[in-house]
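A.B. asks: Return a 3D structure for these sequence lines:
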Amino acid sequence: MSADVTILPFGETLQVEDGESVLKAILRQNRFVKYGCKHGGCSTCRAFVVDGEFALSDNTSFSLSDADRAAGIVLLCSTYPQTDLVIDVAETMDDLDETTYRAGIEVLEFSGVVDRREQLSHDIVWLGVALCDGGKLPLMPGQYVDLHIPGTPDAWRSFSLANSPGEEGRVDLVIKIIPDGAFSGALQRGLGPGDSVRLRGPQGSFALRWSHRPMVMVAGGSGIAPVWSMLQDLAANSNRREVLFCYGARTAKDLVMRAELEELERKHDWFTYVPALSEDHPDDADWTGERGLVTEVLARLVPDARKHEAYMCGPPGMIDAAVVVLSDNGCKPRHIYFDRFVPSG
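C.D. replies: Okay, the predicted model is just below:
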């Protein structure tokens, strides 16, 4: 049974089909609200339920606190109406204006051919795809695409884009191999140059904000993908804002794209790259860089974050800890942007 959902403060009522999430219904009807992962991991699509009954899927267990739930806050990607609903995004998405809401975002489907596969570490792969038939993917740095899992009827996985927005004819992804993961299985079976793939995008609202504030970027694992896209965009646009990028890894062998980041640091005086190792390993006995959890390093390097804005990508535990550090050090919540990478493989 379908339901009507009224979106405040815009006063528009949209229909949600049976079994469809509120977010999916909004996007399907060419409207836009802030969202990220679409499966309850990033907590970007927060909203208040003003009236009506609904079911909230279990995948919000670590994204919504008990206080959130008591206050009527939901994640739109995980909210399924049981009656007509009234939801309000005025406070949770206070920078979303009506023009942007009504403009929507067009998600396109493309076919492509893999033209690059590179092992960045023992469990992280760079996968490059050239779009077919002159396809062009307009994107903002920080967005992601859904990639079809070869050999399945209709299974998809989401991966953040690593390429510069100027490269509209291709897609570059940094993918972490997950044991028993469906897409990871395709990679382990040899998906590589010459193979055809399907993808759709662009998706997500994790993106750079243009302002005067110095930036802090934090990532771990494959969370480096959207950061790399953002850094390329900043460099291409003659950025002069200070950027500190803290990247956390277990050992030096896990520091992906180290050479590229060090080269970027040499070329641009506004950029500082700080890798941090969280584990002691015999092979890293001569390591002279930062040690400890990347959030501990962040706390040491940015003791005063009152004038900063932050962009963070990686596992939920890292994101949550970094938000606490930045908030405790004075960064305003509205200047903290993140994308939680929930493993799905």
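
A.B. asks: can you give me the helices in the stretch 201-345 of the chain?
C.D. replies: Counting by DSSP state H, counting those that start in this stretch, the stretch 201-345 of the chain has these helices, from start to end: 224-236, 258-267, 294-301, 316-328.

A.B. asks: Check those for me and report the most buried one.
C.D. replies: Comparing the helices of the stretch 201-345 of the chain by mean neighbour count (mean count of other Cβ atoms under 10 Å), helix 224-236 comes out on top with a mean of 23. (Glycine included, C-beta is placed from N, CA and C.)

A.B. asks: now the helices for the stretch 51-200 of the chain?
C.D. replies: With DSSP H, counting those that start in this stretch, the ranges of helices along the stretch 51-200 of the chain come out as 66-70, 98-103, 182-188.

A.B. asks: And residue 208, how far from residue 158?
C.D. replies: Taking Cβ to Cβ, to the nearest Å as the measure, residue 208 falls 19 Å from residue 158.

A.B. asks: Reformat the helices of the stretch 201-345 of the chain as JSON lines; add mean pLDDT and distance to residue 176.
C.D. replies: JSON lines is the format used below for the helices of the stretch 201-345 of the chain (pLDDT from 0 to 100; distance: least, Cβ to Cβ, whole Å):
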{"stretch": "helix 224-236", "mean pLDDT": "95", "distance to residue 176": "10"}
{"stretch": "helix 258-267", "mean pLDDT": "97", "distance to residue 176": "17"}
{"stretch": "helix 294-301", "mean pLDDT": "96", "distance to residue 176": "16"}
{"stretch": "helix 316-328", "mean pLDDT": "92", "distance to residue 176": "13"}
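
A.B. asks: For these, please prepare a markdown table with the additional fields distance to residue 67.
C.D. replies: As requested, the helices of the stretch 201-345 of the chain are exported to a markdown table (distance: least, Cβ to Cβ, whole Å):
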| stretch | distance to residue 67 |
| --- | --- |
| helix 224-236 | 29 |
| helix 258-267 | 38 |
| helix 294-301 | 22 |
| helix 316-328 | 15 |
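
A.B. asks: Please name whichever of those is nearest to residue 334.
C.D. replies: When those are compared by Cβ to Cβ, helix 316-328 sits nearest residue 334, at 11.3 Å.

A.B. asks: next one: the closest one to chain centre, how far?
C.D. replies: 15 Å (Cα atoms, centre = their mean, to the nearest Å).

A.B. asks: same check, this time on stretch 72-84
C.D. replies: Relative to the chain's own centre, stretch 72-84 is displaced by 22 Å; criterion: Cα atoms, centre = their mean.

A.B. asks: Which residue is the nearest non-sequential neighbour of residue 272?
C.D. replies: Once flanking residues are discounted, residue 272 sits nearest to residue 244: 4.9 Å by Cβ to Cβ, 6 or more residues apart in numbering.

A.B. asks: doesn't residue 218 make contact with the one you found?
C.D. replies: No: counting by Cβ atoms under 8 Å, residue 244 does not reach residue 218; the two are 9.0 Å apart.

A.B. asks: Using PDB, list the CA coordinates for stretch 157-174.
C.D. replies: The C-alpha trace of stretch 157-174 is given here as PDB (Å, rounded to 0.1, in the frame of the first residue of the first chain):
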ATOM      1  CA  ARG A 157      27.600  -1.800  -4.700                       C
ATOM      2  CA  SER A 158      28.400   1.800  -4.000                       C
ATOM      3  CA  PHE A 159      32.000   3.200  -4.500                       C
ATOM      4  CA  SER A 160      33.200   6.800  -4.100                       C
ATOM      5  CA  LEU A 161      34.800   8.400  -7.100                       C
ATOM      6  CA  ALA A 162      38.600   9.100  -7.000                       C
ATOM      7  CA  ASN A 163      38.900  10.900 -10.300                       C
ATOM      8  CA  SER A 164      38.900  14.700 -10.900                       C
ATOM      9  CA  PRO A 165      35.600  16.300 -11.900                       C
ATOM     10  CA  GLY A 166      37.200  17.300 -15.200                       C
ATOM     11  CA  GLU A 167      37.500  13.600 -16.300                       C
ATOM     12  CA  GLU A 168      33.800  13.200 -17.200                       C
ATOM     13  CA  GLY A 169      34.500  10.300 -19.600                       C
ATOM     14  CA  ARG A 170      35.700   7.900 -17.100                       C
ATOM     15  CA  VAL A 171      35.300   6.600 -13.500                       C
ATOM     16  CA  ASP A 172      38.100   5.800 -11.100                       C
ATOM     17  CA  LEU A 173      37.400   3.900  -7.900                       C
ATOM     18  CA  VAL A 174      39.400   2.800  -4.900                       C
END
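
A.B. asks: residues of that stretch that come out buried?
C.D. replies: Counting neighbours by 16 or more other Cβ atoms under 10 Å, one finds that the buried residues in stretch 157-174 are 157-165, 167, 170-174.

A.B. asks: just stretch 210-229 next, same as before
C.D. replies: The neighbour-count check on stretch 210-229 (16+ other Cβ under 10 Å) flags 213, 215-229 as buried.

A.B. asks: Tell me, what's the model's pLDDT at residue 61?
C.D. replies: pLDDT, residue 61: 64.

A.B. asks: returning to what we had before: may I have the beta-bridge partners of the residue nearest to residue 272?
C.D. replies: Using DSSP bridges, the beta-bridge partners of residue 244 come out as residue 216, residue 272.

A.B. asks: mind listing what it touches?
C.D. replies: The contact partners of residue 244, by Cβ atoms under 8 Å, 6 or more residues apart in numbering, come to 214, 215, 216, 217, 272, 274, 301, 302.
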